[in-house]
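J.: output the structure for:
(one chain, ligands or ions: 1)
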Amino acid sequence: MKIICIGRNYAEHAKELNSPLPAEPVFFLKPDTCLLPRNQAFFYPEFSKDIQYETELVIKINKVGKHIQPKFAHTYYDEIGIGIDFTARDLQQKCKEKGLPWEICKAFDNAAPLGKFVDKNIFSDMQNIDFHLEINGKTVQQGNSKDMIFSFDTIIAYVSQFITLKIGDLIFTGTPAGVGPVKINDQLRAFIGEEFLLKVDVR
Ligand code: ZN
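T.: Reported below is the predicted structural model:
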């Protein structure tokens, strides 16, 4: 399986990183070694001094597809989850300055903790899903899929022009504004609506 991450999919987040708004979805990949087994701790890596959380809704692909038409895209997933796109912001800044690829800041081990999934049918509107992250009991980031620049269906259609989607592939659909650093001993808890779905402790 592969993990596809959408960048700059919320206008307010693009603004906070001084990035221009994309005319088309921007995506990058993380390898399967980014997954952090559920409820296991994340160990702060030595190569960065600024690991940041990006809380994102995640869709899980349920059938093989290529050149998926937007009108059929909703049939390619039936579960929605929540994950953290951990980013070594200090390394990312260097990569951006030098125009280098992002693997060292986005694709390191355990950089994609993933929570439990829920049936998408519990939501009446895919473009109105609330989610948030708490650190040590305090809400630090909040988002709603209505603020996405590109919808789930647009993302699926776009990415599948280039890459065949396979069963079990994950798409991290971008982070809203409010990203920030984590530190050792932080307790991260992510929710869709009021449902607690992801727990990560930083060690
Ligand atoms: Zn992200």
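
J.: phi, psi for Lys120 please.
T.: Note on Lys120: its backbone torsions stand at phi -60, psi -20 [degrees, to the nearest 10].

J.: give me the pLDDT for it.
T.: pLDDT for Lys120: 97.

J.: what's the answer for the one 3 residues further on, then?
T.: Predicted confidence (pLDDT) for Phe123: 96.

J.: who touches it in this structure?
T.: Ile80, Ile129 (C-beta atoms under 8 Å, 6 or more residues apart in numbering). Every residue, glycine included, has its C-beta placed from N, CA and C.

J.: can you tell me how far it is from Ser151?
T.: Per C-beta to C-beta, to the nearest Å, Phe123 is found 13 Å from Ser151.

J.: shared neighbours of these two, anything?
T.: With C-beta under 8 Å, 6+ apart as the test, Phe123 and Ser151 reach no residue in common.

J.: what sits closest to whatever residue of the chain ends up closest to the ion if chain neighbours are left out?
T.: Relative to the ion, the nearest point of the chain is Asp85 (3.4 Å; C-beta to the ion). Nearest residue to Asp85, sequence neighbours excluded (C-beta to C-beta, 6 or more residues apart in numbering): Glu54, at 4.1 Å.

J.: how about Gln92?
T.: The nearest residue in space to Gln92 (C-beta to C-beta, 6+ apart) is Cys105, at 3.9 Å.

J.: sec struct for the one you found, please.
T.: Here Cys105 is helix, with the state taken from DSSP: H, G, I helix; E, B strand; the rest coil.

J.: ranges for the helices of the protein?
T.: Counting by DSSP state H, the chain has helices at residues 11-16, 89-98, 103-106, 152-162.

J.: of those helices, which shows the lowest average pLDDT?
T.: Mean pLDDT is lowest for helix 11-16 out of the helices of the chain, coming in at a mean of 87.

J.: in it, what's buried?
T.: His13, Ala14 (16 or more other C-beta atoms under 10 Å).

J.: cool, and stretch 56-64?
T.: Glu56, Leu57, Val58, Ile59, Lys60, Ile61.

J.: need the contact list for the first one.
T.: This means Glu56. Cys5, Ile82, Gly83, Ile84, Asp85, Phe172, Thr173, Gly174, Thr175.

J.: hmm, 7 Å instead?
T.: Glu56 makes contact with Gly83, Asp85, Phe172, Thr173, Gly174, Thr175, according to C-beta atoms under 7 Å, 6 or more residues apart in numbering.

J.: return the helix or strand in this protein with minimum mean pLDDT.
T.: helix 11-16 (a mean of 87; mean pLDDT, DSSP states H and E).
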